[in-house]
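Visitor: could you work out the structure for the sequence below:
(one chain, ligands or ions: 1)
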Amino acid sequence: MTPITIANALASTVTLNDGTVMPMFGLGVYRIDNNCSDLIAAALQQGYLLIDTAEFYNNEHSVGVAIKQSGKKREEVFVISKWWPSTEGAKGAMKSLDQCLKNLESNYVDLYMIHAPKDHHCADAYQALLDAKKQGKIKSLGVANFGVHHLEALAKLGLEKPSVNQIQIHPWYQNNDIVRYCREHNITVIGYSPLAKAKKIDETTIVAIAKKLSKSPAQILIRWSVQHGYVTIPKTSQEGRLKTNADVFTWSIPDEDMKTLDALGDQQWSCTWDPTKYSLEEAGLQVITIQQ
Ligand SMILES: NC(=O)c1ccc[n+]([C@@H]2O[C@H](COP(=O)([O-])OP(=O)(O)OC[C@H]3O[C@@H](n4cnc5c(N)ncnc54)[C@H](OP(=O)(O)O)[C@@H]3O)[C@@H](O)[C@H]2O)c1
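Guide: Numbers count the residues shown, from 1 in each chain. Prediction:
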């Protein structure tokens, strides 16, 4: 049997509903400054294969530079980016996508997402992005921060389902209803903010489990996501943390401690925004019924 090493665990993948193969673990680069190619290149050299950026993070260009710097071939790295919705709608989405490809110095992005169901134009932008997918500029199309009602609206509008929904997931905010819907409809879930932005990393429950298992609190939180089968993208701006954050595959959290962590979900504590609750009108996903 092949031993589980960090490198081969980082190479574990999931096949999306359109056949694209995506790594199950990556580096999120939100709030890492726009000159972060050294850090990203270090991650790639350590075996990370997926980078999660966005137009909004203002560092797509660093991802492109880092891939070259790391000596990896473009096709060896899975890049996610996201369109930040605007009132420009489909036109804005196309502009952002083209700028993304320029930033990455690539003729495609592996997974492109609508960043959130906001600013009233998700349906027309989504349709335009499906066309861009046909042209090969996008390998897979996803959404982020979509609630069940947004996903149902896409289906009612007759639009092809997304391959991925990226939503906030950590023990204090588990979004179980959205996860259930996605799993039932073969939409892969990427959990973001797996460390809850480190805002509760010193909480007694986490520290106690970490001590018991001789792991760090960050490793407990990341392992909780991995053990639940989520694709996860912890962010760090510190090179020294890349390795330990990825060292979550050769051990597991015992059932009783998973139950304790799962119970934190009762707090329904969100560490950041929650656009999954935005209305269909805000998203621009209203299903208009024609009165006879
Ligand atoms: N689609 C969306 O709307 C959305 C929203 C939020 C996030 N995301 C994506 O998800 C990624 C991750 O989420 P996030 O950035 O919100 O937060 P996160 O990954 O939950 O937490 C990041 C925080 O944890 C700290 N940290 C990392 N490793 C640590 C360790 N070993 N020990 C202690 N602290 C540690 C980081 O500090 P240092 O940097 O100092 O290590 C940073 O303050 C983002 O970067 C982004 O790619 C997407």
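
Visitor: what ranges does the protein have for its strands?
Guide: In the chain, strands defined by DSSP state E lie at 13-15, 21-23, 27-28, 50-52, 78-83, 109-114, 138-144, 164-168, 188-192, 231-232, listed in chain order.

Visitor: who does the fifth one touch, helix- and strand-wise?
Guide: If I follow you right, that is strand 78-83. When contacts are defined as 3 or more Cβ pairs under 8 Å, 6 or more residues apart in numbering; DSSP states H and E, strand 78-83 packs onto strand 50-52, helix 60-70, helix 89-104, strand 109-114. For glycine as for every other residue, the C-beta is placed from the backbone atoms N, C-alpha and C.

Visitor: format the strands of the chain as JSON lines; extra columns: distance to residue 174 and mean neighbour count.
Guide: Formatted as JSON lines, the strands of the chain follow (distance: least, Cβ to Cβ, whole Å; neighbours: other Cβ atoms under 10 Å):
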{"stretch": "strand 13-15", "distance to residue 174": "19", "mean neighbour count": "14"}
{"stretch": "strand 21-23", "distance to residue 174": "22", "mean neighbour count": "18"}
{"stretch": "strand 27-28", "distance to residue 174": "18", "mean neighbour count": "26"}
{"stretch": "strand 50-52", "distance to residue 174": "20", "mean neighbour count": "26"}
{"stretch": "strand 78-83", "distance to residue 174": "22", "mean neighbour count": "25"}
{"stretch": "strand 109-114", "distance to residue 174": "21", "mean neighbour count": "25"}
{"stretch": "strand 138-144", "distance to residue 174": "17", "mean neighbour count": "23"}
{"stretch": "strand 164-168", "distance to residue 174": "9", "mean neighbour count": "26"}
{"stretch": "strand 188-192", "distance to residue 174": "9", "mean neighbour count": "25"}
{"stretch": "strand 231-232", "distance to residue 174": "13", "mean neighbour count": "27"}
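
Visitor: can you say which of the ones you listed is nearest to the ligand?
Guide: Ranking the strands of the chain by distance to the ligand, with Cβ to the nearest ligand atom as the measure, places strand 27-28 first at 2.3 Å.

Visitor: which intervals of the chain have sub-threshold pLDDT?
Guide: By pLDDT under 70, the low-scoring segments of the chain are 1-3, 289-292.

Visitor: who in it is up against the ligand?
Guide: Residues of the chain lying close to the ligand by Cβ under 6 Å from any ligand atom are 28-30, 52, 115, 144-145, 166, 192-198, 201, 216, 218, 233-238, 241, 244-245, 272.

Visitor: quick one, helices of the stretch 151-292 of the chain?
Guide: With DSSP state H, counting those that start in this stretch as the criterion, the stretch 151-292 of the chain has helices at 176-184, 204-213, 217-227, 239-246, 255-263, 280-283.

Visitor: and the ones you listed, which is most packed in?
Guide: Highest mean neighbour count of those: helix 217-227, a mean of 23 (counted as mean count of other Cβ atoms under 10 Å).

Visitor: centre of the chain to stretch 96-104, how far?
Guide: Stretch 96-104 has its C-alpha centroid displaced from the chain centroid by 19 Å (Cα atoms, centre = their mean, to the nearest Å).

Visitor: kindly apply the preceding question to stretch 71-90 instead.
Guide: Here stretch 71-90 is found 12 Å from its chain centre; the criterion is Cα atoms, centre = their mean.

Visitor: buried sites along it?
Guide: For stretch 71-90, the buried set under the neighbour-count rule, 16 or more other Cβ atoms under 10 Å, comprises 77, 78, 79, 80, 81, 82, 83, 84, 85, 86, 89, 90.

Visitor: ok, now stretch 112-131?
Guide: By neighbour count on 16+ other Cβ under 10 Å, the buried set for stretch 112-131 is 112-123, 125-129.

Visitor: let's see which of those residues end up in helices.
Guide: If you go by DSSP state H, the buried residues of stretch 112-131 have 122, 123, 125, 126, 127, 128, 129 in helices.

Visitor: does the last one touch residue 98 like I think?
Guide: No. The pair residue 129 and residue 98 fails to qualify as a contact (Cβ atoms under 8 Å) at a distance of 11.9 Å.

Visitor: and residue 90, how far from the ligand?
Guide: 20 Å (Cβ to the nearest ligand atom, to the nearest Å).

Visitor: if we ignore the residues flanking it in sequence, what's nearest that residue?
Guide: Spatial nearest neighbour of residue 90, chain neighbours left out: residue 128 (3.8 Å); criterion: Cβ to Cβ, 6 or more residues apart in numbering.

Visitor: name the nearest residue to residue 181, sequence neighbours excluded.
Guide: For residue 181, ignoring the flanking residues on the chain, the nearest one in space by Cβ to Cβ, 6+ apart is residue 148 at 4.7 Å.
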